[in-house]
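1. okay, sequence plus prediction incoming.
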Amino acid sequence: MGKFNGETSLNTNIKPCFICGGTHFTKFTNQYNQCTNCGHETLDSYCEQGFILNDPLTLEDAKRTTGLDAFKSRVLMQFNSPSDMNILFDIGSASGKFLFLNQNKYRHAIGLEITPEALEFSRNTLHLNIEENIEDVPTGITTVTAWHSLEHIPDDALINIIKTVSKKMSADSRMIVSVPNGASRQYKWFRSAFAYFDTPNHLHQFTESSLTILMSKCGLEPVAFIDSWPYNTFGYIQGLLNITTRTHNYLYYRLKRRSLKPSMALDVLHLFILPLLAPVGWFLAILDLFDRKKQGVITACFKVKYT
Ligand SMILES: [Zn+2]
């Protein structure tokens, strides 16, 4: 397998790639070490889980279905098992919005989360069943989802969670995973201005190859890789804005996380350049439909391996 995005080849003393065991790394951006075998990137130094809350914690927001929520529900319905709708299990359930919007399709909906504010909101306001420890999740899971959560989990915990979940999945169950793509055209072009570049919160950056190897180690094999249209389009537009305005994800924070203090100057700047850059982003995202491995986000479905 060829090198991923690398510029300089390093032979360092850092520990082997926890995904493929590779011992050669390159630096594409300063913050990550990139395995030359599987392309997986791990933060240069980290010791604890990083997390962020993307959704405002209000009932009104939880009930509002955005284009991205519709995409997630569509993927869920595409890969669920129609014969058995027992347990929907969401790894990194955050505000609980995804479970809240899709819980009625299953007999049970369970989340896994550790962020205190998210636990409080999803349990007490949305009345969801959220566990903090993977061991407490029951067997008989029909569908597992992980929407942009795996990149926040340290390597040992990540392997433990996926391995444990795979043993709790029923025979024809499915796991749907969505993570930023470290082998994407967007990352190659925008580097640290990549819309999904989020240090120190993102401990990893996956590639299709590294995600597949990780899942295989944990007893799962791919069923399908899916076009990540809304994520990819947003990524291009936000990346272009980041380069042009020399800020990082201002539009995203402004729209999604209302805690951000707005800047009048940046608001006006965005008002003028967004209409110019948005069509460019759409066009680039359309081009990526012909080369899925280069899309800004990997969305994939896995099933339990039988040997
Ligand atoms: Zn590797």
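-> Thanks, I have the structure now. Just so it is clear, the structure is predicted and the values come from calculations on it, not from any experiment. Numbering: from 1, shown residues only.
2. how close does Lys15 get to the ion?
-> Plainly put, Lys15 is 11 Å away from the ion if you go by CB to the ion, to the nearest Å. The C-beta positions use only the backbone N, C-alpha and C, and glycine is treated the same way.
3. got the contact list for that residue?
-> Contacts were defined as CB atoms under 8 Å, 6 or more residues apart in numbering; by that measure Lys15 touches no other residue.
4. so it: helix, strand or coil?
-> The three-state assignment at Lys15 reads coil, by DSSP: H, G, I helix; E, B strand; the rest coil.
5. from Leu284, how far off is the residue lying closest to Ser228 once chain neighbours are set aside?
-> Nearest non-adjacent residue to Ser228, counting by CB to CB, 6 or more residues apart in numbering: Val297, 3.9 Å away. Shown here: Val297 relative to Leu284, a distance of 14 Å by CB to CB, to the nearest Å.
6. which of these two has more neighbours?
-> Regarding Val297 and Leu284, a neighbour count based on other CB atoms under 10 Å identifies Val297 as having more, with 23 against 20.
7. and the more buried one, what is it in contact with?
-> Val297 makes contacts with 178-181, 184, 196, 228, 231-232, 235, as judged by CB under 8 Å, 6+ apart.
8. once you drop chain neighbours, what's closest to the residue of the stretch 201-307 of the chain found nearest the ion?
-> The stretch 201-307 of the chain approaches the ion most closely through Ser210 (5.9 Å), counting by CB to the ion. Setting aside the residues directly before and after it, Ser210 is nearest to His40 in space (CB to CB, 6+ apart), at 3.5 Å.
9. can you tell me how far that neighbour sits from Pro222?
-> His40 sits at a distance of 16 Å from Pro222 (criterion: CB to CB).
10. so between the two, which is more surrounded?
-> His40 (28 against 16).
11. so where is this structure shaky, pLDDT-wise?
-> Within the chain, the stretches with pLDDT under 70 are 1-13, 46-54, 81-83, 257-259, 307.
12. excluding chain neighbours, what is closest to the most centrally placed residue in the chain?
-> The structure's the chain has its C-alpha centroid closest to His148; by CA atoms, centre = their mean the separation is 2.0 Å. If the residues on either side of it in the chain are set aside, His148 comes closest to Ser178, at 5.8 Å by CB to CB, 6+ apart.
13. neighbours around that neighbour, how many?
-> Ser178 sits with 22 neighbouring residues when counted by other CB under 10 Å.
14. touching, it and Ile298? I think so.
-> Yes. The criterion here is CB atoms under 8 Å, and Ser178 meets it with Ile298 at 7.0 Å.
15. mutual contacts of those two, please.
-> By CB under 8 Å, 6+ apart, Ser178 and Ile298 have these common neighbours: Ser228.
16. domain ranges for this structure?
-> 59-228+297-304, 232-288 (automatic domain parsing).
17. buried residues in stretch 269-289?
-> Residues of stretch 269-289 classed as buried by neighbour count (16 or more other CB atoms under 10 Å): 269-270, 277, 281, 284-285, 288.
18. make JSON lines out of those and add secondary structure and distance to the ion.
-> Output for the buried residues of stretch 269-289, formatted as JSON lines (DSSP: H, G, I helix; E, B strand; the rest coil; distance: CB to the ion, whole Å):
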{"residue": "Leu269", "secondary structure": "helix", "distance to the ion": "40"}
{"residue": "His270", "secondary structure": "helix", "distance to the ion": "38"}
{"residue": "Leu277", "secondary structure": "helix", "distance to the ion": "34"}
{"residue": "Gly281", "secondary structure": "helix", "distance to the ion": "31"}
{"residue": "Leu284", "secondary structure": "helix", "distance to the ion": "28"}
{"residue": "Ala285", "secondary structure": "helix", "distance to the ion": "28"}
{"residue": "Asp288", "secondary structure": "helix", "distance to the ion": "24"}
